[in-house]
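*Asks:* test case, fold it:
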Amino acid sequence: VPGTGNAWRPALSPDGKYLVYVRRDGEERSLRMRQLGTERDVELLAPEPGLGIEAATVTPDGSFVDVVRGRGNEKTLWRMPFLGGSPKRLIDGVSSPVGWSADGRRLAFVRADVDGSSALVVADADGANERILVARALPAQFLSFGSRGTPSAQGAGMHPAWSPDGKVIAVIGFATVDKVLTRQVIFVDAATGAERSIPIRDGGSADGAEWLDSGHLVLSHIGRNDAVSQLWLLSYPAGTWSRLTNDLSNYASFGVSADRQSLAVARWDYQVGISVLEGGSLEPSDLVPAGPFVGEDLAWAGDTLLYAVLSPANNLPAIWALRRGESSPEELIGNAYSPAATPDGQTIVFSRVQDDRRGIWRADRDGRGARRRRPSSPKR
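*Replies:* Numbering: from 1, shown residues only. Next up, the predicted model:
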């Protein structure tokens, strides 16, 4: 929904002609529908105080909308007519959007308990005959509305994604591998519950995912050294990653049409500017115009302001410098973020990911001589 600035977690109708999405107005959330190619919304569900609308999915026959809403950690799946009407309570304890098999006979969702355990649950189209396909206990878990460490401010918006043949369900999860908590794309056999996992590239995170065909998925992914979440293609079962987008926007949460020719994705841009108050003035003056900042870390190195933004050359974070009294900043250190400086301004300290390792680096005030800071040996 271009230009709204508050559209969230989109879902497409099977024919790709209608978009259902959650609209956020401050703390209020409503459920809206729009016919693509028009500018007019229809409100399906109005905001209710204290009752949050999390996500919606259109049933494969296009007749109903399944919406997850609730208070706190108690979320319930409701079903309502596609063109609006009274919702009917269907399933309690639903912690993710619903994913549908292509034949419309089964649905799947994640259920997370208060103890942190989670399960991938399948049920019949009417919500009957629930069956836990596979379960995980902390620290392992499946991505849900309450999960931490998701790639974006949008939060975990991924529904379990059924392969076109209905044999495999893809879901994002976490597991301990060699004593390290690792994010994975988990492929679950819909009949037996057998799992196969592919680590998310670059030790990063992923939110939305959809099958484009029987051998490829599109995911919203952010790596450890990335500043924005981008669209990536993952092959299955080979597990190779290919980048689809390369821009300064963030992407998360998908909806796909039945023929998999149309894809709806939530996109947003995070921009920050820097203003300054000088000489006792109460009116701030703009120092750096709003742009795609990386974090909100600022530092003074003597009379030079340091801050991190995305470099337009490669979309990697870079530290820029603006000297007092000048209007044109310059890129100082590439592949760097979170700047700090020594009191005399002669040394710059920053973060960098190199060789799959995040570390603290330092450089001279002009950005030269960058070197990794070695941990000090413990005293004996």
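
*Asks:* strands along the stretch 101-250 of the chain, start to end?
*Replies:* With DSSP state E, counting those that start in this stretch as the definition, the stretch 101-250 of the chain shows strands at residue ranges 106-112, 118-124, 131-136, 141-142, 161-162, 168-177, 180-189, 195-199, 205-213, 216-222, 230-235, 241-243, 250-256.

*Asks:* got CSV for those, with mean neighbour count and distance to R365 too?
*Replies:* In this view, the C-beta of every residue, glycine as well, is placed from N, C-alpha and C. Listed next are those as CSV, based on neighbours: other C-beta atoms under 10 Å; distance: least, C-beta to C-beta, whole Å:
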stretch, mean neighbour count, distance to R365
strand 106-112, 24, 49
strand 118-124, 21, 49
strand 131-136, 16, 49
strand 141-142, 26, 45
strand 161-162, 24, 49
strand 168-177, 21, 41
strand 180-189, 18, 36
strand 195-199, 16, 39
strand 205-213, 22, 34
strand 216-222, 25, 31
strand 230-235, 20, 33
strand 241-243, 12, 35
strand 250-256, 25, 32
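
*Asks:* of those, which approaches R40 most closely?
*Replies:* Proximity to R40, assessed across the strands of the stretch 101-250 of the chain by C-beta to C-beta, is greatest for strand 250-256 (19.2 Å).

*Asks:* what lines up beside that closest one in the sheet?
*Replies:* strand 263-268 (antiparallel) (DSSP bridges).

*Asks:* closest one to L12 among the strands of the stretch 101-250 of the chain?
*Replies:* strand 250-256 (4.0 Å).

*Asks:* from the chain's centroid, how far away is that closest one?
*Replies:* Relative to its chain's centre, strand 250-256 lies at 8 Å (C-alpha atoms, centre = their mean, to the nearest Å).

*Asks:* same question for that strand, mean pLDDT?
*Replies:* Averaged over strand 250-256, pLDDT sits at 87.

*Asks:* let's see it as CSV, backbone CA atoms only.
*Replies:* Extracted C-alpha coordinates of strand 250-256, given in CSV (Å, rounded to 0.1, in the frame of the first residue of the first chain):
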residue,chain,number,x,y,z
ASN,A,250,13.9,-3.0,4.8
TYR,A,251,11.7,-5.9,3.8
ALA,A,252,9.7,-8.4,6.0
SER,A,253,6.5,-10.4,6.0
PHE,A,254,5.1,-11.8,2.7
GLY,A,255,1.9,-12.8,1.0
VAL,A,256,1.8,-14.7,-2.2
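
*Asks:* the residue nearest to D366 when sequence neighbours are not counted: which element?
*Replies:* Nearest non-adjacent residue to D366, counting by C-beta to C-beta, 6 or more residues apart in numbering: L332, 7.5 Å away. Per DSSP states H and E: L332 is located in strand 330-334.

*Asks:* next secondary structure after that strand?
*Replies:* Later in the chain than strand 330-334, the nearest helix or strand by DSSP H and E is strand 337-341.

*Asks:* could you give the angle of that next one to strand 330-334?
*Replies:* Taking axes from the mean of the first three to the mean of the last three C-alpha atoms, to 10 degrees, one finds strand 337-341 and strand 330-334 inclined to each other by 100 degrees.

*Asks:* packing partners for strand 337-341?
*Replies:* Under the contact definition 3 or more C-beta pairs under 8 Å, 6 or more residues apart in numbering; DSSP states H and E, strand 337-341 sits against strand 293-301, strand 304-310, strand 317-323, strand 347-354.

*Asks:* now do 6 Å
*Replies:* Using 3 or more C-beta pairs under 6 Å, 6 or more residues apart in numbering; DSSP states H and E, the elements in contact with strand 337-341 are strand 293-301, strand 347-354.

*Asks:* alpha carbons of it, as CSV, please.
*Replies:* C-alpha atoms of strand 337-341 as CSV (Å, rounded to 0.1, in the frame of the first residue of the first chain):
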residue,chain,number,x,y,z
TYR,A,337,29.6,1.3,12.6
SER,A,338,29.1,2.3,16.3
PRO,A,339,31.9,5.0,16.4
ALA,A,340,33.5,6.3,19.5
ALA,A,341,36.7,8.4,20.0
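
*Asks:* so what touches that strand?
*Replies:* Strand 337-341 has contacts (C-beta atoms under 6 Å, 6 or more residues apart in numbering) with 294, 297, 299, 301, 306, 308, 317, 319, 348-351.
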